[in-house]
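Undergrad: one predicted model, sequence on top.
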Amino acid sequence: MSFVIIAGLAFPVVPHPGAWYQFPVIPGLGEKAKIIFFHVPTAWLAVIAFLSSMIYGIKYLSTKELDYDVKSLASLQLGMVFVILATVTGSIWAKFNWGSFWNWDPRETSIFVLFLIYGSLFALRSAIENEDKRAQLSAVYSIIAFLTVPFFVFIMPRIMVGLHPGSANDSTAGPVVDFKMNGNMMIVFFTSLIAFTLLYYWMWKLRVRSILIYNKVFKKLV
């Protein structure tokens with residue numbers, strides 16, 4: 001018996017020849033292709049989180065309500081978590097496919113640059129004590145930072161020569177996710193994508209609530 005794992009949930013599977021749920025072998029990737037069920041959704045959520053951080057940053061600049069800064073911060077923090085998860089899962093895949101955890105492939109380099117860009121925002125926030133000024137500068141920074149996300153995630157890895165599928169030297173270059181999978185794999189992939197998106201929303205709501213509670217308690221103590 002084996003298990004198919006989707007967003008942390010394990011579903012038992014008893015394989016037999018010709019089973020409807022068996023996944024086809026993707027040329028050059030084989031069984032290792034199944035990491036897309038975790039790796040791609042984490043990268044997707046990093047983009048969603050950074051987009052959300054920018055949107056709430058814009059809302060703060062429009063209204064000057066600090067609750068929007070809290071929502072932007074919560075999105076930023078989760079974005080960093082998912083960037084790290086995407087990097088770690090991608091590195092594990094690279095070890096088995098390319099022989100080492102890190103190869104400075106354009107896609108690896110681009111996500112590392114995004115990690116530095118958004119990591120700098122945490123340093124900026126910690127250096128400013130006035131919450132209104134901190135919120136304002138953070139909002140402006142999150143807007144400018146997100147302008148780089150489409151380039152580093154969707155454009156740069158595809159216009160440069162690299163090892164990652166979809167690079168400029170890949171003769172079969174297609175979408176960021178190459179859908180050379182049967183209907184069963186598509187179902188599992190999109191189920192995973194939806195499950196991870198719902199997980200992100202739940203984590204974001206929880207994080208916003210915890211920050212608001214912390215701020216109220218901290219202000220009372222001060």
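TA: Yes, it's here.
Undergrad: other SSEs contacting the lengthiest helix in the chain?
TA: Of all the segments assigned as helix in the chain under DSSP state H, the longest by residue count is helix 183-221. With contacts defined as 3 or more Cβ pairs under 8 Å, 6 or more residues apart in numbering; DSSP states H and E, the secondary structure elements packing on helix 183-221 are strand 2-6, helix 36-63, helix 66-98. Heads up, the C-betas are built off the backbone N, CA and C, glycines and all.
Undergrad: is it true that residue 119 touches residue 83?
TA: No - when contacts are counted by Cβ atoms under 8 Å, residue 119 is not listed as touching residue 83 (9.1 Å).
Undergrad: in the helix or strand in which residue 125 is found, what counts as buried?
TA: In the assignment (DSSP states H and E), residue 125 maps to helix 106-126. For helix 106-126, the buried set under the neighbour-count rule, 16 or more other Cβ atoms under 10 Å, comprises 106-111, 114-115, 117-118, 121, 125.
Undergrad: can you add distance to residue 146 and pLDDT and give those residues back as a markdown table?
TA: As requested, the buried residues of helix 106-126 are arranged in a markdown table below (distance: Cβ to Cβ, whole Å; pLDDT from 0 to 100):
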| residue | distance to residue 146 | pLDDT |
| --- | --- | --- |
| 106 | 20 | 84 |
| 107 | 19 | 86 |
| 108 | 21 | 87 |
| 109 | 19 | 88 |
| 110 | 14 | 90 |
| 111 | 15 | 91 |
| 114 | 10 | 93 |
| 115 | 14 | 93 |
| 117 | 10 | 95 |
| 118 | 9 | 95 |
| 121 | 11 | 94 |
| 125 | 16 | 93 |
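Undergrad: let me know the closest of those to residue 33.
TA: Here the nearest of those to residue 33, counting by Cβ to Cβ, is residue 107; it sits at 16.0 Å.
Undergrad: okay, now the unreliable bits of this structure?
TA: Low-confidence segments of the chain (pLDDT under 70): 1-32, 161-183, 219-222.
Undergrad: for residue 78, which non-adjacent residue is spatially closest?
TA: Residue nearest to residue 78 in three dimensions, not counting chain neighbours: residue 49, with 4.7 Å by Cβ to Cβ, 6 or more residues apart in numbering.
Undergrad: and the helix holding residue 125, what does it pack against?
TA: Judged by 3+ Cβ pairs under 8 Å, 6+ apart, helix 106-126 is in contact with helix 36-63, helix 66-98, helix 131-146, helix 156-159.
Undergrad: okay, now the nearest residue to residue 53 once chain neighbours are set aside: neighbour count?
TA: With Cβ to Cβ, 6+ apart as the measure, residue 75 is the residue that lies nearest to residue 53, at 4.0 Å, once sequence neighbours are left out. Counted with other Cβ atoms under 10 Å, the neighbours of residue 75 add up to 25.
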